[in-house]
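**Student:** Let me see the structure of the following:
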Amino acid sequence: MNFDTGRFILKIAETSEELHAAQRLRYKVFVEEMGANVADDCHASRMEYDKFDQDFDHLILIDSLNRNTAENVVGVYRLMLNTSVNKNRGFYSSSEYNLDKLIKADRKILELGRSCIDKQHRGGVALHMMWNGLAQYVIDNNVEVLFGVASFHGVDINLINHALSYLHYNHLAPVELRPIAIGENKIDMNILNKSDVEKMSALKQIPPLIKAYIRLGGFIGFGASVDVDFNSIDVCLVMDTKNMSEKYKKFYSQGIN
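**Tutor:** Numbers count the residues shown, from 1 in each chain. Take a look at the predicted model:
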């Protein structure tokens, strides 16, 4: 995959230099902007990375107007097919969720993560290109189900009580594909009674990425997880390509244009 619009180049990272530029963007977004707690080595290098990076493909968007190759990646998506999972490490999301239903579904699945766009490029063509790149990757690899953790910024449940409750009551993943939150950091999402959930308040609290997946046919796993290190509350998104909205099916069938 390699798409060039003149200014932006969308591709899978192929060199250590490209991967390091992607990790530097992740550091800017997750650590400097969102306050994630990372290892001293990450601070020293100003790159956010972990042991799973070697298992993933890294979809990157390069701004060709930026001649500094250490800083020219403005969009990142981390992608791992179930055929590429390291048996010792497993899926990244498995530290927060029981993924047995997904793993045993005997379908081609893709884990998504570490999605971010440089602050200066949000709201423009960058997001559209990243979604197009993801679409092409799904088509090229015959992916049937996409999943991965997505985050609410901060760890105060009271600030997102309507959002979590709304997602729990209205958008739970089908039982046969449903991830279940595990571990000491898991939290229930049915914080409010269903009758007390205010939809408008919920939609205001839901981050754009989660809202986009839900709008396009995605679901949420059972329960959320507090990630203290990343200063976030995570939910597990699941999208079955056969149940996507017609709008998104058309988008995927067209691919890059």
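
**Student:** by contact count, what packs against the one helix or strand Trp131 maps to?
**Tutor:** For Trp131, the host element (DSSP states H and E) is helix 125-140. Other helices and strands packing on helix 125-140, by 3 or more C-beta pairs under 8 Å, 6 or more residues apart in numbering; DSSP states H and E, are strand 2-4, strand 8-12, strand 57-63, strand 73-81, strand 109-117, helix 246-254. (C-beta placed from N, C-alpha, C; glycine too.)

**Student:** Which stretch among those approaches Val38 most closely?
**Tutor:** Counting by C-beta to C-beta, Val38 lies closest to strand 109-117 out of the helices and strands packed on helix 125-140; the figure is 12.5 Å.

**Student:** outside of the closest one, which residues touch it?
**Tutor:** 25-26, 29-30, 56, 61, 74-82, 91-93, 102-103, 126-127, 130, 134, 137-138, 141, 143-150, 209, 237 (C-beta atoms under 8 Å, 6 or more residues apart in numbering).

**Student:** got the buried residues for that strand?
**Tutor:** Burial within strand 109-117, assessed by neighbour count using 16 or more other C-beta atoms under 10 Å, is assigned to Ile109, Leu110, Glu111, Leu112, Gly113, Arg114, Ser115, Cys116, Ile117.

**Student:** Dump those residues to TSV, plus distance to Ile187 and pLDDT.
**Tutor:** Below are the buried residues of strand 109-117 laid out as TSV (distance: C-beta to C-beta, whole Å; pLDDT from 0 to 100):
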residue	distance to Ile187	pLDDT
Ile109	25	96
Leu110	26	97
Glu111	22	97
Leu112	22	95
Gly113	20	92
Arg114	22	93
Ser115	22	92
Cys116	24	93
Ile117	28	93
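
**Student:** got TSV for those residues, with distance to Met34 too?
**Tutor:** TSV is the format used below for the buried residues of strand 109-117 (distance: C-beta to C-beta, whole Å):
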residue	distance to Met34
Ile109	27
Leu110	24
Glu111	21
Leu112	18
Gly113	15
Arg114	12
Ser115	13
Cys116	9
Ile117	13
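
**Student:** what does stretch 185-192 contact?
**Tutor:** Contacts for stretch 185-192 (C-beta under 8 Å, 6+ apart): 96, 157, 161-162, 164-165, 167-169, 181, 220, 222-228, 233, 235.

**Student:** now stretch 165-178
**Tutor:** With C-beta under 8 Å, 6+ apart, stretch 165-178 has contacts from 101-102, 105, 145, 179, 188-192, 194, 196-197, 199, 202-203, 206, 210, 214, 218-222, 235, 238, 240.
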